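Colleague: I'd like to go over a predicted model; first the sequence, then the structure.
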4 protein chains.
Amino acid sequence: MLTELKREAYEANIALPKQGLINLTFGNASAIDRAQGIFAIKPSGVDYAVLKPEDMVLVDLDGKRVEGDLNPSSDTPTHRRLFLAFESIGGVVHTHSSCATAFAQAGRAIPIFGTTHADYFAGDVPVTRKMTADEIASAYEWETGNVIVERFRDLDPADYPAVLVNRHAPFTWGPTVAKAVEAAVATECIAHMALMSLQLAPQLEVIETELLNKHFKRKHGPDAYYGQKKA
Amino acid sequence: MLTELKREAYEANIALPKQGLINLTFGNASAIDRAQGIFAIKPSGVDYAVLKPEDMVLVDLDGKRVEGDLNPSSDTPTHRRLFLAFESIGGVVHTHSSCATAFAQAGRAIPIFGTTHADYFAGDVPVTRKMTADEIASAYEWETGNVIVERFRDLDPADYPAVLVNRHAPFTWGPTVAKAVEAAVATECIAHMALMSLQLAPQLEVIETELLNKHFKRKHGPDAYYGQKKA
Amino acid sequence: MLTELKREAYEANIALPKQGLINLTFGNASAIDRAQGIFAIKPSGVDYAVLKPEDMVLVDLDGKRVEGDLNPSSDTPTHRRLFLAFESIGGVVHTHSSCATAFAQAGRAIPIFGTTHADYFAGDVPVTRKMTADEIASAYEWETGNVIVERFRDLDPADYPAVLVNRHAPFTWGPTVAKAVEAAVATECIAHMALMSLQLAPQLEVIETELLNKHFKRKHGPDAYYGQKKA
Amino acid sequence: MLTELKREAYEANIALPKQGLINLTFGNASAIDRAQGIFAIKPSGVDYAVLKPEDMVLVDLDGKRVEGDLNPSSDTPTHRRLFLAFESIGGVVHTHSSCATAFAQAGRAIPIFGTTHADYFAGDVPVTRKMTADEIASAYEWETGNVIVERFRDLDPADYPAVLVNRHAPFTWGPTVAKAVEAAVATECIAHMALMSLQLAPQLEVIETELLNKHFKRKHGPDAYYGQKKA
């Protein structure tokens, strides 16, 4: 069932340690089939070295496991919340990549300091508010999704393919799970650059609006001219 | 004799340079057979590239070498002290991993700034007091174990699988030596993140108690729900 | 057509991720045949893992594509501008390597603090002024070339094989595209060292003139004695 | 002639990029045969990827090339000066490893903050004074050796197997060239740790004398007990 979807989710999951975004089992990726309302996600706590495509667990948008013997990732409710709220996305990735997590722990957005950042984001990488004791005590992972959705009340997830969950780490997404992995790589890369730019210029202002828009729109939207025309 | 134990200790030792935790011969791992009261440990100063499972030295809890032609690690008395004091542990790892060692050199605990840290520790990674001239002049490696044990007078080693020895470097442990390696990886990773978080927010407070407990108990203790049920 | 030129450009492009200078598709390299006035450049947005020598796009100095089905890099007009202005160069490389980009984002030149830097540059790695809204709104990539050329009004590109484009990232060059890759490696390396030297000594002065000249001239110009005599 | 010596020098040279100590051609290693007064050294500017044992150049202690078609490293006079002054050493290594070079550029010794450092050095890694314009203008590489020797007027090179040349980079040595490579690895490693310790504690004092001596003497001198007894 949904063999191709499971393969895509699997490929995304094993890309995370290869890209240096994951230590141990700190992370997971999922891909959704919108027609069927089912997503494939990593099983919880399984080592990437032994993971197989058929280990992916299939879960529906009500949170019911529809295939798979293994427990899905403990972060499954967060993925589900994002798939429900962000209808344009096809994949979600969660990592604890070091530089992005440093910003999340400090409760700071990643400031948009240059064109590398503007190639992927229409502004700072947003950070959520802290979760309340009640949210933590109840359906924690679902509520993690809720604080993300709350943060995006006035933001388009297509313009900001990542968020930092306060005290926690980044979640990223995209039209496909492969694009969500790319967003995770970009988020770590720009977090690293921002840390170093802040060392050089602690009061550095963000990039000028014209340059931000130029780079973002060069790659996104109807006037994009980066890359190859799709056949 | 104890072939499987020696293999486990060997696998843990060679994992250390693979994980980037060890330069040169700065580190060692040991695994204990509690029934026999014997542990297997790396021989002193042997290059990881040429290490073999049968090179592991077997030592009993009185410190007597019971098998092996090579000298055991010069840190053997520290391992022995920890096996005697922390009865629940099955393995010990010592590294000089760079970021954790930077905290040890500075005499600072690693502050618990986020959930990555809380997935492994119930609080800051503790640091020992400095050793006295007398302790250094007498049975130095045994006394190194003693300052660790002293630091844990009111801490459960199951809740804190690592310590920083002041001016020295981390020791980590776990129910198995493989888990002790995992704790060593986690310790280096959270030390790196903490360093960067401190650059971003020099006065950063530690994580809120509710979130700390949620993450720690998600993975540890009777209510853990991370990972797969054990058969 | 120009098979050898395309192979050189291809080799330079795939060297960039191998050297750790490129994440995702953040970068490109080109090589020129001066006799024919044609350069070979990476196609836009193509993954390095699947790139082939025959994918290189041939473009003339008027900006006309003379061979290739794929779109050339969106940065092609910048490369073209540099080939027109800097007649001695045979190759151009663009990366978003992390440390050099941190300086570019901060709008700071890389100060020449030691002999590693002086082996490649006759002074600080220059940074351009910011681009104006008009420049960004018009032929952006061509204007990017123009601000570089403006910055080099009183500099010899043979003495300074790299520039940081403000808010953006480095461009490097050399007599061959292989030398431009070498300049990109050197630029990232000295940016990393400069960041750390500034941490140690925030008010550090640049290298003394005599030592700068000694190292630069040891490797460049008529009195160079580094390396092997060319046959 | 001296095939084994050339092989040792070759192995040491190719170890440098493998250990991440060298970018491009920034470095060289040499090994001496004391009986014959001849040392084998890397040829100048040759890429490590194509280097062969038989490319090593043989030079005597008067600086005369006694075998080899290639030019020896431009740093050969520095190596020669060190072999003449430090009679106990069998090999010399020069790198521009990033963290150690950051200290050299800043003109600061690497402070001895912990036991990792004390396992290799009896104190701070010393830094030379700056070279004078006259020294730079005359026999520069020989004079580089002279400022090192001057710095060691009251130091034993066996107790301090490395030096930072001011504004330049580290030179290391040892009883064999393999040990000189090990000293280069250790120097970079402790420089990295020291940088991070200084971030955590800008006024950090150096390690207590008793602990320094304990660790240094555990590995060096008549009372050493680290490693395996030599047969």
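Modeller: Yep, it's here. Residues are numbered from 1 along each chain as shown, chains lettered A, B, ... in the order given.

Colleague: so where is chain A shaky, pLDDT-wise?
Modeller: Residues of chain A meeting the criterion pLDDT under 70: A:229-231.

Colleague: Next one: the residue in chain A that chain B sits nearest to from residue A:55, what distance?
Modeller: Relative to chain B, the nearest point of chain A is residue A:45 (3.0 Å; C-beta to the nearest C-beta). In this view, the C-beta of every residue, glycine as well, is placed from N, C-alpha and C. Relative to residue A:55, residue A:45 is positioned 12 Å away (C-beta to C-beta, to the nearest Å).

Colleague: Taking the centroid of chain A, which residue is nearest it?
Modeller: residue A:172 (1.0 Å; C-alpha atoms, centre = their mean).

Colleague: shouldn't that residue be in contact with residue A:162?
Modeller: Yes. Residue A:172 is in contact with residue A:162 according to C-beta atoms under 8 Å; the separation is 4.2 Å.

Colleague: still on that earlier bit, what about the residue nearest to the centre of chain A, which SS state?
Modeller: Assigned with DSSP: H, G, I helix; E, B strand; the rest coil, residue A:172 falls in the strand class.

Colleague: In chain A, mark out all the helices, start to finish.
Modeller: Secondary structure of chain A (DSSP state H): helices at A:3-18, A:76-85, A:98-106, A:115-118, A:133-137, A:140-151, A:177-200, A:209-219.

Colleague: which other residues reach the fifth one?
Modeller: Which is helix A:133-137. Helix A:133-137 is contacted by residues A:143, A:146-147, B:208, B:210-211, B:214 when judged by C-beta atoms under 8 Å, 6 or more residues apart in numbering or on different chains.

Colleague: Of all pairs in the residues you listed, which one is the farthest apart?
Modeller: Maximum pairwise distance among the contacts of helix A:133-137 (C-beta to C-beta): 17.3 Å, between A:146 and B:208.

Colleague: where do the contact lists of residue A:172 and residue A:162 overlap?
Modeller: In contact with both residue A:172 and residue A:162: A:183-184, A:187, using C-beta under 8 Å, 6+ apart.

Colleague: quick one: which of those is nearest residue D:201?
Modeller: Taking C-beta to C-beta as the measure, residue A:187 is the one of the shared contacts of residue A:172 and residue A:162 closest to residue D:201, at 30.6 Å.

Colleague: correct me, but the closest one touches residue A:100?
Modeller: Yes. Between residue A:187 and residue A:100 there is a contact at 5.1 Å, judged by C-beta under 8 Å.

Colleague: Now list whatever residues contact both of these two.
Modeller: A:110, A:125, A:162, A:170.

Colleague: Just the ones in strands from these, please.
Modeller: Among these, DSSP state E puts A:162, A:170 in strands.

Colleague: Need the shared contacts of residue A:187 and residue A:100 in CSV (columns: neighbour count and distance to chain C).
Modeller: Below are the shared contacts of residue A:187 and residue A:100 laid out as CSV (neighbours: other C-beta atoms under 10 Å in any protein chain shown; distance: C-beta to the nearest C-beta, whole Å):
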residue, neighbour count, distance to chain C
A:110, 27, 12
A:125, 28, 15
A:162, 26, 14
A:170, 28, 15
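
Colleague: Dig out what residue A:65 forms beta bridges with.
Modeller: Beta-bridge partners of residue A:65, counted by DSSP bridges, are residue A:59.

Colleague: hang on, isn't residue A:28 packed against residue A:91?
Modeller: No. The pair residue A:28 / residue A:91 is not scored as a contact, 11.2 Å apart, by C-beta under 8 Å.

Colleague: Who are the packing partners of the longest strand along chain A?
Modeller: Using DSSP E to define each element, chain A has its longest strand at strand A:27-33. Judged by 3 or more C-beta pairs under 8 Å, 6 or more residues apart in numbering or on different chains; DSSP states H and E, the packing partners of strand A:27-33 are helix A:3-18, strand A:38-41, helix A:76-85, strand A:91-95, helix A:177-200.

Colleague: do that again at 6 Å, thanks
Modeller: Strand A:27-33 makes packing contacts with helix A:3-18, strand A:38-41, strand A:91-95 when contacts are defined by 3 or more C-beta pairs under 6 Å, 6 or more residues apart in numbering or on different chains; DSSP states H and E.
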